[in-house]
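In: Here is a sequence together with a model predicted from it:
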Amino acid sequence: MQARDDGTIRVENHGDGLWRIEELFAHPYCRGAIWVIDGAERRLVLDAGWGLVPLDQAVPELFDRPVVALASHTHFDHVGGLHRFAERLVHPLEASILADPTPEAVQSLPFLHGYDALAFDPVSGGFDADSWRLPPMPATATVEEGDRLELGGRTLTVLHTPGHSPGHVCLFEEATGFLFAADAIYAGEMFDTIPGASIPDLLATHQRLLELPVSRVFPGHFEVFDGRRLRKLIEAYRREKSA
Ligand SMILES: [Zn+2]
Ligand SMILES: [Zn+2]
């Protein structure tokens, strides 16, 4: 992998075999981070962005190694590019969405009617949410709570973390304390009233995350932070919801 920024796609090296790919054409609150986690034997890609610029064109070396893609959940800004991967994992509760990713199922509609989500259209300049369709991209396998993904010299444990969506998963690496949190927690406004979201479930998910020995959080949006900030963000969310 090569770090770079061409104004449309940014590839950042986060050390420890971790890379973040970002689609700069989307505004940060709906710019799902694409996390690349390298093991000795294979590479795991957590989420796949909007996919307006095909990842195999934008970051061809991403596919130079055996690679498996995992959808943390199935919102459009996390699975738009998932069909580019031959091996696709998701939690069973959202598997039917990947098989038939209608705009309503991946929530591009009606969401994109109310939000100005793109800074620019990287392809034609005329992105139209109403006609945007994702191809069927059925999961090749599913992952559940407690599953361990072996990448060769590094192991990630799947946590079922509903709240933002029913089948949302996080990944935790016990050896390092790294939490790949996706949309369970990040340093920004949580989307907890959209279809499929549940505030009580999200509060319970946060309690679980608090009980993990987290050193660093690699979220689905916005910046990376440490375990202390994780506790502060969770406490702030709790206060907001109990007010
Ligand atoms: Zn998201
Ligand atoms: Zn989401």
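Out: Yep, that arrived. These numbers were taken from a predicted model, which means no experiment stands behind them. Ligands and ions are numbered 1, 2, ... in the order given.
In: What distance do you get for Arg229 to ligand 1?
Out: 19 Å (C-beta to the ion, to the nearest Å). For the C-beta atoms, the positions are set from N, CA and C on the backbone; glycine is no exception.
In: check which helix or strand covers that residue.
Out: helix 227-242 (DSSP states H and E).
In: Which neighbouring elements make contact with that helix?
Out: helix 199-210, strand 216-219 (3 or more C-beta pairs under 8 Å, 6 or more residues apart in numbering; DSSP states H and E).
In: Same list as before, the ones you listed that is, but in CSV and with mean neighbour count, distance to ligand 2 and mean pLDDT included.
Out: As requested, those are exported to CSV (neighbours: other C-beta atoms under 10 Å; distance: least, C-beta to the ion, whole Å; pLDDT from 0 to 100):
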stretch, mean neighbour count, distance to ligand 2, mean pLDDT
helix 199-210, 17, 12, 98
strand 216-219, 22, 11, 98
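In: do you know which of the ones you listed lies nearest ligand 1?
Out: strand 216-219 (9.0 Å; C-beta to the ion).
In: per-residue confidence at the nearest residue to Glu104 once chain neighbours are set aside?
Out: Nearest residue to Glu104 in three dimensions, chain neighbours excluded: Pro110, at 7.9 Å (C-beta to C-beta, 6 or more residues apart in numbering). The confidence metric pLDDT takes the value 94 at Pro110.
In: near ligand 2, which residues of this structure?
Out: Taking C-beta under 5 Å from the ion as the criterion, the chain approaches ligand 2 at residues 75, 183.
In: quick one: the helices in the chain?
Out: Using DSSP state H, the helices assigned to the chain run over residues 55-58, 76-79, 95-99, 111-114, 199-210, 227-242.
In: Report the buried residues of the first one.
Out: With burial defined by 16 or more other C-beta atoms under 10 Å, the residues of helix 55-58 counted as buried are 55, 58.
In: Rounded mean pLDDT for that helix, please.
Out: Helix 55-58 comes out at a mean pLDDT of 94.
In: List the contacts of that helix.
Out: Contact with helix 55-58 is made by 8-9, 21, 34, 48-49, 62-63, 81, 84, as judged by C-beta atoms under 8 Å, 6 or more residues apart in numbering.
In: same deal with the third one?
Out: With C-beta under 8 Å, 6+ apart as the contact definition, helix 95-99 has outside contacts at 71, 74, 79, 82, 88, 90, 105-106, 136-139, 142, 167.
In: now, among those, which is nearest to ligand 2?
Out: Ligand 2 lies nearest to Thr74 out of those, by C-beta to the ion, at 8.4 Å.
In: Any residue of the helix or strand bottoming out on mean pLDDT in the chain touching ligand 1?
Out: Ranked by mean pLDDT, DSSP states H and E, the helix or strand of the chain with the weakest confidence is helix 111-114, at a mean of 90. No. Using C-beta under 5 Å from the ion, helix 111-114 never reaches ligand 1; the gap is at least 10.8 Å.
In: Show residues contacting that helix.
Out: 30, 76, 117, 129, 132, 194.
In: picking up where we left off before, among the contacts of helix 55-58, which are in strands?
Out: Among those, DSSP state E puts 9, 21, 34 in strands.
In: Show the buried residues in the residues you listed.
Out: Neighbour-count burial (16+ other C-beta under 10 Å) applied to the ones in strands among the contacts of helix 55-58 gives 9, 21, 34.
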